[in-house]
Structures are given as C-alpha cells and as structure tokens.
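K.L.:
fold the following and give me the result.
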Amino acid sequence: MDKSAKGKSTKKKVRVKKAETTKTTKTTKAQEKLDDLNDKYLRLYSEFDNYRKRTAKEKQELYKTAAEGLMVDLLPILDDFERAIKSSEETDNISAIREGEKLIYNKFKNTLVQKGLEEIDAIGKVFDTDHHEAVTKFKAPSKDMVGKVIDQTEKGYQLNGKVIRYAKVVIGN
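P.N.:
Take a look at the predicted model:
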C-alpha cells in the first residue's frame, strides 16, 4: 500500500469516527432534552391534578357552609318565635300576641332584605314572563288593565337581582 493511500484511509476513518461521535452526541443531547421535557410535563400534569382536586374539595366545603351566615342571622328570629309561642300559651291577650307576631315578621323580613331578597312588584304592572307566572286570565276591570296583572296569588322574589320564585299572577283579558 502506498503511504499516501494509507494517510487518506486514516483521515477517512477519523472523519467517520468524528461523524459517528457527533451523531452520538446529538442523539444523547436530544434524548436528554426529551427526558427533561417529559419530566417537566409530568410535574406540570401532577401539579394541575393536585390543583383540580384541591379546588373540588374547597367547592364541597363551600357548599356545606354557604348558608351558615344566613342561619346565624335567623337564629334570633327562631328564638323570638319560641318566646312568642310560650307567651301566647300563658296569656289570652290577642292584641299583644298579634303585635308580637308583627314584630317577629318585620324582623324576619328585614333580615332577608339585608341578605339581598326583594319582592317582585306585580299588581298593575304589564305581564312580564321574566318575573311573572300566569296562573289564569280574567276579564279586566277596565280597558287600561288589559294585558296587565290584576291580582297576585303568590308573591315572587329576587335574590340579588336573580329571580328565585316567580310571582303567580292573574292577567286581565
């Protein structure tokens, strides 16, 4: 073999080894990057799963205790009712009993209003399906009452602007 041919084949072998080493290095780096991204993905997925479980648990707890504030505010009214019942058993004074009932009713109504409850005004208003539920139609007492509410069989209520019970009304026909 010629010296120059031997030198060329050595250089070729070196180049091939260098190319293989570069490929191996690139493959190793790509594998490391893939492993790193996979690790980040698994951590993010686990973190999100924990967040989802935590918020679901918090939501359940909120549902359980959502009415607690209202109940605490209604307990004094319950106490007033118990006192009124006991007092009515001991006295025959009807006017005192009625006055006590009115006081308790007003206290109860004011507590509900403070919590955001509002009555839906219906009588004399134009029938509105967003606030009223028609029970029946009767002949209107006057022409200006046609299509309007002439009577209310059950009051309607809104809680913080959202209808929670429609007013059951009679419409003039």
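
K.L.:
show me what the helix ranked longest in the chain is packed against.
P.N.:
When the chain is scanned for its longest helix (criterion: DSSP state H), the result is helix 3-65. Using 3 or more Cβ pairs under 8 Å, 6 or more residues apart in numbering; DSSP states H and E as the contact criterion, no secondary-structure element is in contact with helix 3-65. For every residue, glycine as well, the C-beta is placed using N, CA and C.

K.L.:
how far off centre is that helix?
P.N.:
When C-alpha coordinates are averaged (Cα atoms, centre = their mean, to the nearest Å), helix 3-65 and its chain have centres 41 Å apart.

K.L.:
how near is the closest residue to residue 146 other than its chain neighbours to residue 102?
P.N.:
In space, and not counting its chain neighbours, residue 146 is closest to residue 140: 4.7 Å by Cβ to Cβ, 6 or more residues apart in numbering. From residue 140 across to residue 102, the span is 34 Å (Cβ to Cβ, to the nearest Å).

K.L.:
the two: which is more packed in?
P.N.:
The neighbour comparison of residue 140 against residue 102 (other Cβ atoms under 10 Å) goes to residue 140, with 15 against 10.

K.L.:
phi, psi of residue 158?
P.N.:
Residue 158 adopts backbone torsions of phi -120, psi 140, taken as degrees, to the nearest 10.

K.L.:
in space, what's closest to it - neighbours in sequence excluded?
P.N.:
Nearest in space to residue 158, with sequence neighbours left out and distances taken as Cβ to Cβ, 6+ apart, is residue 118 at 4.8 Å.

K.L.:
tell me the contacts of the one you found?
P.N.:
The neighbours of residue 118, taking Cβ atoms under 8 Å, 6 or more residues apart in numbering as the test, are 157, 158, 159.

K.L.:
hmm, who's touching whatever helix or strand residue 87 lives in?
P.N.:
With secondary structure defined by DSSP states H and E, residue 87 is part of helix 68-90. Contacts of helix 68-90 from elsewhere in the structure, counted by Cβ under 8 Å, 6+ apart, are 96, 97, 100, 101, 103, 104, 107, 108, 111, 114, 115.

K.L.:
what's the closest of those residues to residue 47?
P.N.:
Within those, proximity to residue 47 (Cβ to Cβ) peaks at residue 115, which comes in at 38.1 Å.
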